[in-house]
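[1] Structure for this input, please:
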Amino acid sequence: MACYISSNDNRFYVAAESSFGAVAAVTAENRIPAIRLAARQRIERAERKDKSGGRTFVGIPSGVRRGTTFELATYMTSWVNPPTEPAYGALFGAALGGAAAVFGGGMVAGAVDKTLEFAAPHGLTPGQAVTSNGELRFVEALVNAQTVQLNAPFTVVPGVGAPVGVTVTYAPATRLTSVSLYDSWSPAEAVQRIVAGAAIDRMRIKVNGDYHEFEFSGGAADLIDNSSFADGQGALTAFPVEPGVEGLNYAIVPGHLGQAWIGVDPNRMYTLTSAELTLDNDLDLRSREFGSAVPRCIVGGRRKVTLDFSMFCNEAASMTALYQASRQRSPMGVMFQLGEQEGQLFGVYLKSVVPEVPEFDDGETRLQWRFSNCRAQGTFNDELFVAFG
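    From the prediction side, this is the model:
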């Protein structure tokens, strides 16, 4: 006898697509520990104006355009298989557009303030991340083939011969890509779904919650399921079978662990209470053209990266400098490091953020400054970098 399906008997997989809407194959390594996936498909309810002789709605014909949207939330977890990119790395690649840039690590030949020298040619580019002793930093500029300038100094200066860890970095690109999201359930007789051609319009990264969270939302080419599958959907001839179900090996990173570096001359800020970064791609799916009931490709508009953050106020010179920068609209660097251990590091780097004048919040016993809608800027596809280490 059929019974209820537990909402906990749910597994998610994600993989980058080779072309928009063509469902990508997944393996057990593509499974992600998502919190929820909300996928919706609606038809365009065009109003009928033909005179039927009565007041009864006579229905909508089949084959009308359909619109598909999705929202996905996942925790930040440990990176268990470097240098292979994390399973949810495909989501960051789709949100920013750039391919994963893997740095295989190296050895320190010398380090002074923000300058880091390697014992051999590093092969890094501006925006890529490096790690040392549980800290993550981004390359601000190249000095030479063996030396880089970082966005901020390490709090523990690495000594000669110290290892520099493996990282994978994602950067913005002009063209966006899509992913396939598998929504698998137990028992096997339940309806299984795939969000094909998932294009990420908005990405949110939250800092200092109970756990670090990532959220992705946008539109998609189609929502496919095994109960109504037809040959050709998602460029498939048969609905894919879920990979062998195995236990997930990961650890969730507590939301209070990490570092914040903010300022024209970045200083480590110890009084941050919350932060939320939002990437808006101004996405448009090519869905209004004659001859197709589903979207055909992704078109990104002007990228918008904004930052909201709050911090307790104190009399430190770095706080005064931060307020002056907001009054003068002086661009400043912002970096958040989430996590404090190798294999559990995630970094966000905004090289040029124009801060808005903060709101003074005196509703609690300690004064807080709330900075809202601070916009990141850049030169060309360089306003935002994210990395795992």
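[2] any low-confidence regions in the chain?
    The chain contains residues with pLDDT under 70 at 1-2, 45, 247-248, 291, 293.
[3] Which parts of it belong to which domain?
    10-41+66-99+172-228+250-388, 105-165 (automatic domain parsing).
[4] now those as TSV including mean neighbour count and distance to residue 50?
    Bear in mind the C-beta positions are built from the backbone N, C-alpha and C, glycine included. Listed next are those as TSV, based on neighbours: other C-beta atoms under 10 Å; distance: least, C-beta to C-beta, whole Å:
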stretch	mean neighbour count	distance to residue 50
domain 10-41+66-99+172-228+250-388	18	21
domain 105-165	18	57
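[5] Please tabulate the ones you listed in a markdown table, including the columns distance to residue 59.
    As requested, those are exported to a markdown table (distance: least, C-beta to C-beta, whole Å):
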| stretch | distance to residue 59 |
| --- | --- |
| domain 10-41+66-99+172-228+250-388 | 16 |
| domain 105-165 | 54 |
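[6] Of all these, which one comes closest to residue 235?
    domain 10-41+66-99+172-228+250-388 (3.9 Å; C-beta to C-beta).
[7] How far does that closest one sit from its chain's centre?
    3 Å (C-alpha atoms, centre = their mean, to the nearest Å).
[8] try stretch 6-23
    On C-alpha atoms, centre = their mean, the centre of stretch 6-23 falls 16 Å from the chain's centre.
[9] Quick check: end-to-end length of it?
    26 Å (C-alpha to C-alpha, to the nearest Å).
[10] same thing with stretch 325-333?
    Span of stretch 325-333 from end to end, C-alpha to C-alpha: 11 Å.
[11] outside of that stretch, which residues touch it?
    151-152, 261-264, 266, 322, 324, 349-358, 371, 377 (C-beta atoms under 8 Å, 6 or more residues apart in numbering).
[12] Go ahead and confirm residue 376 touches residue 383.
    Yes - Residue 376 is within contact range of residue 383, at 4.4 Å (criterion: C-beta atoms under 8 Å).
[13] Spit out the residues that contact these two alike.
    Residues touching both residue 376 and residue 383 (C-beta under 8 Å, 6+ apart) are 305, 350, 352.
[14] Return the distance of the last one relative to residue 307.
    With the distance defined as C-beta to C-beta, to the nearest Å, residue 352 ends up 12 Å from residue 307.
[15] can you pull out the strands in the stretch 1-150 of the chain?
    Remark: strands assigned in the stretch 1-150 of the chain by DSSP state E, counting those that start in this stretch are 10-16, 31-32, 34-43, 66-75, 101-103, 106-112, 115-118, 129-132, 135-144, 147-150.
[16] Now render those strands as JSON lines, adding distance to residue 52.
    What follows is those, written out as JSON lines (distance: least, C-beta to C-beta, whole Å):
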{"stretch": "strand 10-16", "distance to residue 52": "44"}
{"stretch": "strand 31-32", "distance to residue 52": "49"}
{"stretch": "strand 34-43", "distance to residue 52": "20"}
{"stretch": "strand 66-75", "distance to residue 52": "25"}
{"stretch": "strand 101-103", "distance to residue 52": "60"}
{"stretch": "strand 106-112", "distance to residue 52": "74"}
{"stretch": "strand 115-118", "distance to residue 52": "75"}
{"stretch": "strand 129-132", "distance to residue 52": "64"}
{"stretch": "strand 135-144", "distance to residue 52": "64"}
{"stretch": "strand 147-150", "distance to residue 52": "71"}
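[17] right, and those strands - which one's nearest residue 203?
    strand 66-75 (10.1 Å).
[18] Quick one: list the elements packing against the closest one.
    strand 34-43, strand 193-207, strand 213-220, strand 222-225 (3 or more C-beta pairs under 8 Å, 6 or more residues apart in numbering; DSSP states H and E).
[19] Tabulate the ones you listed (JSON lines), appending distance to residue 295.
    Below are the helices and strands packed on strand 66-75 laid out as JSON lines (distance: least, C-beta to C-beta, whole Å):
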{"stretch": "strand 34-43", "distance to residue 295": "12"}
{"stretch": "strand 193-207", "distance to residue 295": "7"}
{"stretch": "strand 213-220", "distance to residue 295": "7"}
{"stretch": "strand 222-225", "distance to residue 295": "8"}
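[20] for those strands, which one sits closest to residue 298?
    Using C-beta to C-beta, those put strand 193-207 closest to residue 298, at 4.5 Å.
[21] Partner strands of that closest one, with direction?
    For strand 193-207, the paired strands and their directions (DSSP bridges) read strand 179-185 (antiparallel), strand 213-220 (antiparallel), strand 222-225 (antiparallel), strand 272-280 (antiparallel).
[22] wait, isn't residue 263 in contact with residue 321?
    Yes - counting by C-beta under 8 Å, residue 263 does reach residue 321; the two are 6.0 Å apart.
[23] wait, what's in contact with residue 69?
    Here residue 69 is in contact with 39-40, 217-220 (criterion: C-beta under 8 Å, 6+ apart).
[24] give me that answer again for 10 Å
    Neighbour list for residue 69: 38-42, 195, 198, 201, 217-220, 223, 285 [criterion: C-beta atoms under 10 Å, 6 or more residues apart in numbering].
[25] Kindly report the same for residue 287.
    44, 65-68, 219, 221, 293-297.
[26] Mind putting these into CSV with distance to residue 135?
    Converted to CSV, the contacts of residue 287 look like this (distance: C-beta to C-beta, whole Å):
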residue, distance to residue 135
44, 51
65, 50
66, 48
67, 44
68, 41
219, 38
221, 41
293, 51
294, 46
295, 42
296, 45
297, 40
